[in-house]
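**Q** dropping the sequence and predicted coords here.
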Amino acid sequence: MHILFDLDGTLTDPFPGITRSIQHALASLEVVPPPAENLGWCIGPPLKKSFATLLGPEKEHLAEEALGKYRERFGTVGLFENAVYAGIVETLEQLQQSGHIIRVATSKPTVFARRIVEHFGLSKYFHTVDGSELDGTRTEKTELIAYILEREAIRPEEAVMIGDREYDMKGANHNGVRGLGVLWGYGTREELHAAGAFACVAEPVELLALVEGR
């Protein structure tokens, strides 16, 4: 089985780095940023869209500039303000030992995703780490999953997408891939099921059995 893992909210908790970098970007544009606890919804969807919402109708044209300001901080400091969820390493080891091919499929730019995976010592578990391009290509999970399936010649029935947000589930279903939701990230059970998750798990230890249909 080819197992595609989302990164933010699934493998690692990026809350401090993402929210602080969003606040930095908004402040750089002389926009008063919301408190960090009100920015959790920004973890998952493409950030440019989130910035357009945060900036509002009068300033949404600054979303691209805000994204650049975000990356200034995130690319040097924010990507390491992050932590691997408890139980993830053990689960990746189990999946690997069971012969599954594990990949990262994230909306985050590939250049950042690979640095994060390397920083936390997770590279040895993943055959590939794929994300978006800095120009916005493949920020949508539907496009990203299609790209991975085609490049690696993976049949949809041989893959499962594991993630914490509706975007992961919708991207999987659009491509004929099973979507498995996790509840330790930033999406709710209701969000995940409404988006087509075939199941949801509360702990990483539950993933192996569900992936293998047990």
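**A** Right, received. Where do you want to start? Numbering: from 1, shown residues only.
**Q** quick one: low-confidence parts of the protein?
**A** For the chain, residues meeting the criterion pLDDT under 70 lie at 214.
**Q** helices of the chain, residue ranges please.
**A** For the chain, helices defined by DSSP state H occupy the ranges 15-28, 47-55, 63-74, 88-97, 110-119, 141-152, 166-174, 189-194, 207-211.
**Q** now do the contacts for residue 177.
**A** Shown here is residue 177, whose contacts under the criterion Cβ atoms under 8 Å, 6 or more residues apart in numbering are 4, 145, 149, 156, 159, 160, 161. To be clear about C-beta, it is placed using only N, CA and C from the backbone, and glycine gets the same treatment.
**Q** give me whichever of the helices of the chain is most buried.
**A** Comparing the helices of the chain by mean neighbour count (mean count of other Cβ atoms under 10 Å), helix 166-174 comes out on top with a mean of 24.
**Q** angle of that one against helix 141-152?
**A** With axes from the mean of the first three to the mean of the last three Cα atoms, to 10 degrees defining the directions, helix 166-174 sits at 50 degrees from helix 141-152.
**Q** who touches helix 166-174?
**A** By Cβ under 8 Å, 6+ apart, the list of residues contacting helix 166-174 reads 4, 6, 10, 44-45, 107, 140-146, 160-163, 178-179, 181, 187, 191-192, 194-197.
**Q** can you redo the helices of the chain as a markdown table with distance to residue 125?
**A** Shown next, in a markdown table, are the helices of the chain (distance: least, Cβ to Cβ, whole Å):
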| stretch | distance to residue 125 |
| --- | --- |
| helix 15-28 | 21 |
| helix 47-55 | 26 |
| helix 63-74 | 24 |
| helix 88-97 | 4 |
| helix 110-119 | 9 |
| helix 141-152 | 16 |
| helix 166-174 | 19 |
| helix 189-194 | 24 |
| helix 207-211 | 13 |
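**Q** and the ones you listed: which comes nearest residue 133?
**A** For those, the distance to residue 133 is smallest for helix 110-119, at 7.0 Å, taking Cβ to Cβ.
**Q** what's in contact with that closest one?
**A** Taking Cβ under 8 Å, 6+ apart as the criterion, the residues outside helix 110-119 that touch it are 7, 12, 74-75, 79-80, 82, 104, 106, 108, 123, 126, 129-134.
**Q** quick one: which of those residues sit in strands?
**A** Among these, the subset assigned to strands under DSSP state E consists of 12, 104, 106, 108, 129, 130, 131, 132.
**Q** which residues are in contact with the third one?
**A** When you say that, I think you mean residue 106. Residue 106 makes contact with 6, 7, 8, 113, 129, 130, 131, 132, 144 under the criterion Cβ under 8 Å, 6+ apart.
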